[in-house]
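# From the sequence below, what's the structure:
(one chain, ligands or ions: 1)
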Amino acid sequence: MENEFLNIVDKRINAAYEVPISQGTIRAMDLRKIKAGPDDFGLMTYDPAFMNTASCKSAITFIDGDKGILRYRGYPIEQLAEKCTFLEVAYLILFGELPTQAELETWIDNVTHHTMIHETTKKFLEGFRFNAHPMGMFISTVAALSTVYPEARNVLDPETRRLQILRLVGKVPTIAAYTYRHSLGFPYVYPDNELTYTENFMNMLWKMVEPKYRANPALARALDILFILHADHEQNCSANVMRAVGSSQADPFVATAAAAAALSGPLHGGANEEVLKMLDEIGSKDRVPAYIERVKAGQIKLMGFGHRIYKNYDPRARIIKWAADQVFEVTGRNPKLEIALELERIALEDEYFVKRKLYPNVDFYSGIMYQAMGFKPEIFTVLFAIPRTVGWLAQWQEMIEDPEQKIARPRQVYTGYEARDFVPIEKRGKPAPVAS
Ligand code: ACO
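Numbering: from 1, shown residues only. Modelled structure (predicted):
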């Protein structure tokens, strides 16, 4: 609504200000004029962890955390997961509209023709230790693409950006699959252009000596749905890193690697691996209540639970539960599911979790499904990074095209010493004198 204002009275000097409200926000820079005196820098906001700060305007993903709603470009996640392929959704997220048949075919063809990686990049991967964590290999190799495509630095040119987007969307499954093969000691498998995006990924993961890899359609579809669910999630930790690194006009390969590094942490995308470790540690259904007590005592966190934005059931977790059932029809039920269901049942009834609005998030069930498909837990976060690359690139592109954006550079509240004089080494060890 236009003509909405916030009246602020600064009691320090009894001054009144009128600050415009737009789209439920006030501009932090409007507070700068609020000064206690002529030498005052002006008021800032203090918001560690960005609990209440919108860092951008975005038209990509909408989340209503209280109602458990997630939409890409206005389309509900449930409809996209049911009716689309991952590459169709990737197009939607990156370019703003669902593709026509002709646009989709061109897009698929373009992505398919960017799945190969340079042989030197393959050699680069071979240099990792046999037991290197796949996520570390993934992050480093995506960053290394920057050396293969130096023109990617030309980030202000739309055509160059488009080419790098194709390269990244095309190559991340190849890199991901190679990290997996490397950790198993198997030879790398080249992409197969006759297969779909997800089938080709499975081909590069699991093809052995058979002349042609044929993916199980139910498993390929389940993985495709998981990719759709993970494709974007507005201003999460890794998207924020992508925008921050991209804001310095670094190339998209290093920016994507930085975003993937943020994703790897256990509080973000690394949680899916942690959930499996947790289920292993619990071991059996009867030990769930004791584990919950340790969580409530603050000794440990229930991994795969809780979210900064969702204060309701994560809609993605609901769809993953459904997709996992489709996978179990093929693979048989993962015995860990019993423990997970019991954890969820107890947690959703318990006062500790109810009061804090802690619900299963996207990572709670995905690992159980991935494990049933034959993945080792160390690769789970890499599986997350493949589709999320699309979201990172969409956020990056939007940031570059936004005339209001500049290099990301937060302020701080300085809490250190006032200026003080240098102390020669022989005089140190006593409290330093403070300059007058
Ligand atoms: N287990 C137990 N208690 C929890 C959990 C959890 N998983 N998550 C939050 N809480 C508690 C906190 O201890 C805090 O309690 P308090 O008010 O008594 O201090 C309260 O709930 C609020 O939690 P915060 O940490 O303030 O919430 P925040 O928004 O900062 O953190 C986060 C969100 C990081 C996701 C957190 O819930 C968490 O660590 N979850 C486990 C890790 C996880 O599953 N991460 C994946 C998230 S989804 C994704 O990134 C893809």
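
# need the residues of the stretch 101-250 of the chain near the ligand, please.
Counting by Cβ under 6 Å from any ligand atom, the residues of the stretch 101-250 of the chain close to the ligand are Asn236. The C-beta positions use only the backbone N, C-alpha and C, and glycine is treated the same way.

# which residues of the stretch 101-250 of the chain score low on pLDDT?
Counting by pLDDT under 70, the stretch 101-250 of the chain shows no low-confidence range.

# ok, now the stretch 301-436 of the chain?
Applying pLDDT under 70 to the stretch 301-436 of the chain picks out residues 430-436.

# 90 instead?
Within the stretch 301-436 of the chain, the ranges that satisfy pLDDT under 90 run 312-313, 334-335, 429-436.

# Indicate the residue of it located nearest to the ligand.
Here the stretch 301-436 of the chain gets closest to the ligand at one residue, Gly306, 2.3 Å apart by Cβ to the nearest ligand atom.

# again with the stretch 51-200 of the chain
Residue nearest to the ligand within the stretch 51-200 of the chain: Met51 (7.8 Å; Cβ to the nearest ligand atom).

# how about the helices of the stretch 151-300 of the chain, start to end?
All helices of the stretch 151-300 of the chain, identified by DSSP state H, counting those that start in this stretch, fall at 158-184, 197-206, 217-229, 237-246, 252-263, 271-282, 288-296.

# next one: the fourth one to chain centre, how far?
Taking the mean of its C-alpha atoms, helix 237-246 sits 10 Å from the chain's own mean (Cα atoms, centre = their mean, to the nearest Å).

# do stretch 184-203 as well
Distance of stretch 184-203 from its chain centroid, counting by Cα atoms, centre = their mean, is 24 Å.

# ok, now stretch 267-286?
What separates the centre of stretch 267-286 from the centre of its chain is 19 Å, taken as Cα atoms, centre = their mean.

# How about stretch 157-164?
22 Å.

# buried residues in that stretch?
Across stretch 157-164, burial judged by 16 or more other Cβ atoms under 10 Å covers Thr160, Arg161, Leu163, Gln164.

# again with stretch 239-256
Using 16+ other Cβ under 10 Å as the burial criterion, the residues of stretch 239-256 that qualify are 239-247, 250-256.

# cool, stretch 88-96 as well?
For stretch 88-96, the neighbour count (16+ other Cβ under 10 Å) marks Glu88, Val89, Ala90, Tyr91, Leu92, Ile93, Leu94, Phe95 as buried.

# what are the ranges of the helices in the stretch 301-436 of the chain?
Secondary structure of the stretch 301-436 of the chain by DSSP H, counting those that start in this stretch: the helices cover 315-331, 336-349, 351-355, 362-373, 380-401.

# would CSV of the ones you listed with mean neighbour count and distance to the ligand be doable?
Below are the helices of the stretch 301-436 of the chain laid out as CSV (neighbours: other Cβ atoms under 10 Å; distance: least, Cβ to the nearest ligand atom, whole Å):
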stretch, mean neighbour count, distance to the ligand
helix 315-331, 19, 9
helix 336-349, 18, 9
helix 351-355, 13, 7
helix 362-373, 26, 5
helix 380-401, 25, 7
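
# now those as TSV including distance to His268?
Shown next, in TSV, are the helices of the stretch 301-436 of the chain (distance: least, Cβ to Cβ, whole Å):
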stretch	distance to His268
helix 315-331	14
helix 336-349	20
helix 351-355	20
helix 362-373	9
helix 380-401	9
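
# So which of the buried residues of stretch 239-256 is the closest to the ligand?
In terms of Cβ to the nearest ligand atom, no member of those lies closer to the ligand than Ala239, at 10.5 Å.

# ok, that closest one touching Trp392?
Yes. When contacts are counted by Cβ atoms under 8 Å, Ala239 is listed as touching Trp392 (6.2 Å).

# Common neighbours of those two, please.
Shared contacts of Ala239 and Trp392, defined by Cβ atoms under 8 Å, 6 or more residues apart in numbering, are found at Ala259.

# Could you check stretch 271-287 and say which residues are buried?
Within stretch 271-287, the residues that count as buried by 16+ other Cβ under 10 Å are Ala271, Asn272, Glu273, Glu274, Val275, Leu276, Met278, Leu279, Ile282.

# Report how many residues lie close to the residue in the stretch 1-150 of the chain positioned nearest to the ligand.
Closest to the ligand within the stretch 1-150 of the chain is Ala49: 6.4 Å, counting by Cβ to the nearest ligand atom. Ala49: 8 surrounding residues under other Cβ atoms under 10 Å.

# ok now do it, which residues does it touch?
Residues near Ala49 by Cβ under 8 Å, 6+ apart: none.

# Equivalent analysis for Met373, please.
Contacts of Met373 by Cβ under 8 Å, 6+ apart are Leu219, Ala222, Leu223, Val327, Thr331.

# Next: Ala16.
Asn7, Ile8, Val9, Asp10.

# ok, now how distant is Asp286 from His233?
35 Å (Cβ to Cβ, to the nearest Å).

# my bad, Tyr188
On the measure of Cβ to Cβ, Tyr188 and His233 end up 30 Å apart.

# How about Gly265?
Distance of Gly265 to His233, given as Cβ to Cβ: 15 Å.

# which residue packs closest to the residue of the stretch 151-300 of the chain found nearest the ligand, ignoring adjacent ones?
Closest to the ligand within the stretch 151-300 of the chain is Ala271: 3.5 Å, counting by Cβ to the nearest ligand atom. Nearest in space to Ala271, with sequence neighbours left out and distances taken as Cβ to Cβ, 6 or more residues apart in numbering, is Asp363 at 4.0 Å.

# That neighbour and Leu276 touch, don't they?
No. Applying Cβ under 8 Å as the test, Asp363 and Leu276 come out as separate, 9.8 Å apart.

# which residues in the stretch 1-150 of the chain form helices?
According to DSSP H, counting those that start in this stretch, the helices that the stretch 1-150 of the chain contains are 77-83, 86-95, 101-112, 119-126, 134-148.

# which residues touch Asp192?
By Cβ under 8 Å, 6+ apart, Asp192 lies in contact with Asn200, Asn203, Lys212, Tyr213.

# what about the last one, how many residues close to it?
Taking other Cβ under 10 Å as the criterion, the count of residues near Tyr213 is 17.

# got it, and the first one?
Residue crowding around Asn200 was assessed by other Cβ under 10 Å; the count is 25.
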